[in-house]
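Chemist: model the following, please.
(one chain, ligands or ions: 2)
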Amino acid sequence: MNTTLASINVKDILKKASLKVTPQRILILEVIKEKGHATIEYIYNEVKKLYPSISIATVYKNIHNLYEKGVLREINPQKDKAFYEIAFSNHSHFICTSCNTIYDIEPCEKDLVEGCFNKIPGTIEELELNVYGVCKNCKQD
Ligand SMILES: [Zn+2]
Ligand SMILES: [Zn+2]
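Modeler: Residues are numbered from 1 along each chain as shown. Ligands and ions are numbered 1, 2, ... in the order given. Okay, here's the model as predicted:
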């Protein structure tokens, strides 16, 4: 059976991570699931539509919590602006330096990567590569 990100139930994710299921957390995860890769600012603005009284500190705290529990992955394209995604599949990212769009890319074989670098001081267990460039949309005209 193939699970896709779309079929994921965010409540199950929270339960699996032994995190309390709160409406705020559900909403935060739904926003990220919908967007794919989202900044805290974006998540905050979306969550605020339903919870106008929520503070950015609360959103930040929850995201940090989810990140620490391994529910979210952090992608840091330009150090000051981190993007978050649901830690679902192991993939790498192509980040457009012009429009800041993040594209998921399939990772290549670990031994292929090992061959690309000089002397990796250990064994690769997980691949998390960020590839930077200018995307097709920005290259046109
Ligand atoms: Zn672009
Ligand atoms: Zn991704």
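Chemist: let me see the contact set for the residue nearest in space to the middle of the chain.
Modeler: Central residue of the chain (CA atoms, centre = their mean): Glu85, 2.0 Å from the mean position. With contacts defined as CB atoms under 8 Å, 6 or more residues apart in numbering, Glu85 is in contact with 32, 36-38, 72-73, 75. Heads up, the C-betas are built off the backbone N, CA and C, glycines and all.
Chemist: helices - which of the residues you listed land there?
Modeler: Using DSSP state H, the subset of the contacts of Glu85 located in helices is Ile32.
Chemist: of the contacts of Glu85, closest to ligand 1?
Modeler: His37 (13.4 Å; CB to the ion).
Chemist: pretty sure that closest one contacts Ile86?
Modeler: No - His37 sits out of contact with Ile86 when judged by CB atoms under 8 Å, with a separation of 9.8 Å.
Chemist: and the helix or strand of the chain at the bottom of the mean pLDDT ranking, what does it pack onto?
Modeler: Across the helices and strands of the chain, mean pLDDT, DSSP states H and E gives its lowest value to helix 110-116, namely a mean of 77. Contacts defined by 3 or more CB pairs under 8 Å, 6 or more residues apart in numbering; DSSP states H and E place helix 110-116 against no helix or strand at all.
Chemist: list of residues touching that helix?
Modeler: 107, 120, 124, 127, 129.
Chemist: any idea how far the following helix or strand past it is from the chain center?
Modeler: Downstream of helix 110-116, the next assigned helix or strand under DSSP states H and E is strand 130-133. With CA atoms, centre = their mean, to the nearest Å as the basis, strand 130-133 stands 15 Å off its chain's centre.
Chemist: contacts for strand 130-133?
Modeler: Outside strand 130-133, the residues touching it (CB under 8 Å, 6+ apart) are 75-77, 92-97, 105.
Chemist: strand partners (parallel or antiparallel) of it?
Modeler: Here strand 130-133 is paired, per DSSP bridges, with strand 92-96 (parallel).
Chemist: what packs against whichever helix or strand comes after the strand it pairs with?
Modeler: Sequence-wise, the next helix or strand downstream of strand 92-96 (DSSP H and E) is strand 102-105. Packing partners of strand 102-105 (3+ CB pairs under 8 Å, 6+ apart): strand 92-96.
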